[in-house]
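Enquirer: I need the structure of the sequence given here:
(2 chains)
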Amino acid sequence: MIEFRMPSLGADMEAATLVEWVKKPGDRLKRGDVIAVVETQKGAIEIEVFNDGVLDEILTNIGEKVPVGRAIATIRGMDEALGPALRAAVPVAAPEKIAPVTAPPEEAARPPPETRVVQAQITPAARRRAQELGVDLAAVKPGLGGVVGLDQVEAARPVTKERPGILFDEMRNAIAAAMARSHREIPHYYVASTIDVSRLMDWLEAENSRRSVPARLICAVPLMRAAALALKETPELNGHYEEGRFEPAGRVNMGVAVAMRGGGLIAPAILEAEILDMDELMERLRDLVARVRGGRLRSSELSQGTVTFSNLGEETADSVLPLIYPPQVAIIGCGQIAERPWADHGAVVVRRTLTVSVAGDHRVSDGRRAAQFLTHFQQLLHNPEKL
Amino acid sequence: MTLMRKITYREAVREALKEALERDERVFLMGEDVGRYGGAYACSKGLLQEFGEQRIRDTPLSESGFVGAGIGAALGGMRPVIEIMTVNFSLLALDQIVNNAATLRHMSGGQLSVPIVIRMATGAGRQLAAQHSHSLECWFAHIPGIKVLAPATVADARGMLWTAILDPDPVVIFEHATLYNEEGEVGAEGDLGVDIECAAVRRAGRDATIITYGGSLKKSLAATEQLASDGIDCEVIDLRALRPLDDKAIMASVVKTHRAVIVDEGWRSGSLSAEISARIMEQALYDLDAPVARVCSAEVPIPYPRHLEIAATPQPEAIVGAVRGVMRK
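Expert: Now for the predicted structure:
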């Protein structure tokens, strides 16, 4: 049995309110399926599951505010026995009585969902108000008759209401400082190339259709893989420029620009990306994105990037001309892969194409190096099966 | 600005009857002692002299008989206004009201209308003992096919009758016996008709909602004065119509105040207060900051001795106590 927990959808997110259960107990779940919709300070967000299985039990009611990390549902593997919610004969209210007898060990170890019920009598209005205010009812001192009512909740309301988005403001400030420095100090040059990626996409689709759902690749993975390999051949694009001196990096620590759903941007690095095959890259990327959204990044990932990969492929941008993240010396930007007219042996055909841009630090390299990078990058993508 | 004047509830009922008799010749009055005696509560005093025996008809002591005759007249196109002395006596006419008046439109597939108005006194407070003092409005409010009204103010006593007469279906009007001598303001002239669907906010407030009707309205308002001096600001909803209930008005107030006290002179068990409480649970549970409280009559036949009658029925002190209870203060 897997506990599905309220995911963190931003560094400042502490809790979210359940708005809708998209899936119901008994529904089959695929990794990536939207299971529920939650309301955060940034609006309604669909939350996805990360495991295949069957939705076993819903632990959170609509309208309930749930802290990040609290289990909101349990998901059962396909071959696991029915959980309590699907054992129709078992009263839901008394799972703790039954668990020791019939439940598998891991389920017995799971505290019954009702253990958090607070002993004080809480009025419905107080309960709702507490949710609105983010007041922890367990910490509210009951009033007359041991009842927690609206008055008690209002009294327990945090004096300075947390300003929403504080961390995002800080993040914005950090981005502002870095990008202003980049724009001020780094003499950028740009080189761009539009590449026919039809073969790559065909290969990727065929590959993914063979793979199990969790093992499938997103198209950023071969692009990153090709970029990492091409960067090995163009060391002037990979390293740090500090105190008037360029220090090439031996490894390709590829920073990946990850947009946070609530706003903000962060580019933690996948360390030694050039030695990772595509499966490993996919795994690291998934892990990284999950941790960006969970706010659990490692300091190395934030400080040791040697180059940045910025993919706007999910948006409608045709191309992107990004700013270098100092002290790095290059950034690679990918636009959207889409069908476009393409000249091929004297005929106009429809191909899936991608415009890749490289911004380089002119103090360290010249456009020609970036053009070489693009040529190499393109060749690698033309033979995706060899990547 | 409309010119206002002060009259008693009794005068308001009489004016309304007189107006109806003048406005529509199909209207006639029928009941025990409505003619020569002028009505048990003197609401029809003088009408016999003015409108004659054809239209102000004294009847034998047979509620089933004269209510049945009224239903027949209504089916025949008349607009009878029937007076039953008190709700206790209406039980003799329940068969006519429940089995005939309320059903005929439905049983005839809409071919028959029963535009009858039945007025009766209800409630305790006049030391008339257990056979003349009960509040059985709830029994009628249970019945689909009729409308049930409880004018609690002079303006409603004056204005509800004509609207009820215009209604194509049976309307039962409960006049609380302690209200007849109450004074209140009504418009000096013009159409004084009022709607018979909506509850009314008789006092706006933010802390707790008192939901009441009929004879308990003035007691509830009296309670709010005392509560206001303690800083508890009550809203008072006068239901006005007991069937159908104005859920919207009730919920709007409860959602605002988060606390509800229902004051109902009926007995608690199976009462209107029970119905209203259930509806609040169904529609506004998550807005409640306290369990719904009820102030009802003691579960005894209403006693004759003055002190016991007072003890058995809702009084301002009990309402104050119930409001304090939901305020947890």
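Enquirer: going by C-alpha atoms from here, please, whenever you check contacts or count neighbours.
Expert: Fine.
Enquirer: pull the contacting residues for the residue positioned nearest the centre of chain A.
Expert: For chain A, the residue nearest the mean C-alpha position is A:Val289 (3.3 Å; CA atoms, centre = their mean). Residues near A:Val289 by CA atoms under 8 Å, 6 or more residues apart in numbering or on different chains: A:Val258.
Enquirer: any buried residues in the helix or strand where it lies, and which?
Expert: If you go by DSSP states H and E, A:Val289 is part of helix A:278-294. Neighbour-count burial for helix A:278-294 flags A:278, A:281-285, A:288-294 (criterion: 16 or more other CA atoms under 10 Å in any protein chain shown).
Enquirer: I'd like the average pLDDT over that helix.
Expert: Across helix A:278-294, pLDDT averages out at 84.
Enquirer: close enough to count as contact, A:Val307 and A:Leu237?
Expert: Yes. A:Val307 is within contact range of A:Leu237, at 7.3 Å (criterion: CA atoms under 8 Å).
Enquirer: need the residues touching each of these two.
Expert: A:329-330.
Enquirer: what's the local residue count around A:Ala120?
Expert: 16 (other CA atoms under 10 Å in any protein chain shown).
Enquirer: pull the contacting residues for it.
Expert: Contact partners of A:Ala120, counting by CA under 8 Å, 6+ apart, are A:142, A:146-148.
Enquirer: if any of the residues you listed are buried, put those into a PyMOL selection.
Expert: A single PyMOL command selects the buried members of the contacts of A:Ala120 (16+ other CA under 10 Å):
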select buried, chain A and resi 142+147+148
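Enquirer: report the two of the contacts of A:Ala120 separated the most.
Expert: Farthest apart among these by CA to CA are A:Gly146 and A:Val148. That separation is 6.7 Å.
Enquirer: which residues are in contact with each of these two?
Expert: What both A:Gly146 and A:Val148 touch, as defined by CA under 8 Å, 6+ apart, is the set A:120-121.
Enquirer: just the helices in chain B please.
Expert: Using DSSP state H, the helices of chain B run over residues B:9-23, B:47-51, B:63-75, B:87-90, B:94, B:104-107, B:137-141, B:154-166, B:216-229, B:247-257, B:272-284, B:306-312, B:316-327.
Enquirer: may I see the buried residues of the longest one?
Expert: Within helix B:9-23, the residues scored as buried using 16+ other CA under 10 Å are B:9-18, B:20-21.
Enquirer: same check, this time on the fourth one
Expert: Counting neighbours by 16+ other CA under 10 Å, one finds that the buried residues in helix B:87-90 are B:87-90.
Enquirer: gap between the helix or strand that that helix is followed by and the chain center?
Expert: Using DSSP H and E, the helix or strand that follows helix B:87-90 in sequence is helix B:94. Here the centre of helix B:94 is set off from its chain's centre by 17 Å, with CA atoms, centre = their mean, to the nearest Å.
Enquirer: pLDDT below threshold where in chain B?
Expert: B:1-2 (pLDDT under 70).
Enquirer: can you report phi and psi for the residue nearest in space to the middle of it?
Expert: Centroid-nearest residue in chain B: B:Ala150, 1.6 Å away (criterion: CA atoms, centre = their mean). As for B:Ala150, its main-chain torsions (degrees, to the nearest 10) stand at phi -140, psi 80.
Enquirer: thought it was touching B:Val171?
Expert: No. Between B:Ala150 and B:Val171 there is no contact under CA under 8 Å: 10.7 Å.
Enquirer: contacting residues for the nearest residue to B:Ala16 once chain neighbours are set aside?
Expert: In this structure, B:Ala16 finds its nearest non-sequential neighbour in B:Arg158, 5.2 Å apart by CA to CA, 6 or more residues apart in numbering or on different chains. By CA under 8 Å, 6+ apart, the contact set of B:Arg158 is B:9, B:12-13, B:15-16, B:186, B:192-193.
Enquirer: now the residues you listed as CSV including distance to A:Ala347?
Expert: Shown next, in CSV, are those (distance: CA to CA, whole Å):
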residue, distance to A:Ala347
B:Tyr9, 97
B:Ala12, 96
B:Val13, 96
B:Glu15, 97
B:Ala16, 94
B:Val186, 91
B:Leu192, 87
B:Gly193, 85
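Enquirer: and the helix or strand containing A:Ala371, average pLDDT?
Expert: Taking DSSP H and E as the definition, A:Ala371 sits inside helix A:367-382. Helix A:367-382 carries an average pLDDT of 92.
Enquirer: how many neighbouring residues does the residue of the stretch 1-150 of chain B found nearest chain A have?
Expert: Proximity of the stretch 1-150 of chain B to chain A (CA to the nearest CA) peaks at B:Cys138, 28.8 Å away. The number of residues packed near B:Cys138 is 20, by other CA under 10 Å.
Enquirer: what of B:Ala249?
Expert: Using other CA under 10 Å as the criterion, the residues surrounding B:Ala249 number 16.
Enquirer: residues contacting it?
Expert: So B:Ala249 contacts B:198-200, B:237 (CA under 8 Å, 6+ apart).
Enquirer: over to B:Asp95?
Expert: If you count contacts by CA under 8 Å, 6+ apart, then B:Asp95 has B:Ser64 around it.
Enquirer: do you know how far it is from A:Arg245?
Expert: Distance, B:Asp95 to A:Arg245, by CA to CA, to the nearest Å: 105 Å.
Enquirer: B:Ala121 now?
Expert: Taking CA to CA, one finds B:Ala121 at 102 Å from A:Arg245.
Enquirer: quick one, which of these two is more surrounded?
Expert: B:Ala121 (27 against 10).
Enquirer: you'd agree that one is up against B:Ile82?
Expert: No. The pair B:Ala121 / B:Ile82 is not scored as a contact, 11.8 Å apart, by CA under 8 Å.
Enquirer: and A:Gly69, backbone torsions?
Expert: phi 100, psi -20.
Enquirer: so what pLDDT did it get?
Expert: At A:Gly69 the predicted local distance difference test score is 83.
Enquirer: burial count for it?
Expert: 15.
Enquirer: coming back round to it: so for the residue of the stretch 1-150 of chain B closest to chain A, what's the nearest residue that isn't a sequence neighbour?
Expert: B:Cys138 sits nearest to B:Leu272 (CA to CA, 6+ apart), 5.4 Å away.
Enquirer: pretty sure that neighbour sits against B:Val263.
Expert: No. Taking contacts as CA under 8 Å, B:Leu272 lies outside contact range of B:Val263: 9.6 Å.
Enquirer: filter the contacts of B:Ala249 down to the ones near chain A?
Expert: Among the contacts of B:Ala249, not one lies near chain A by CA under 8 Å from any CA of the partner chain.
Enquirer: just the closest of these to chain A, please.
Expert: Using CA to the nearest CA, those come closest to chain A at B:Ile237, 20.8 Å.
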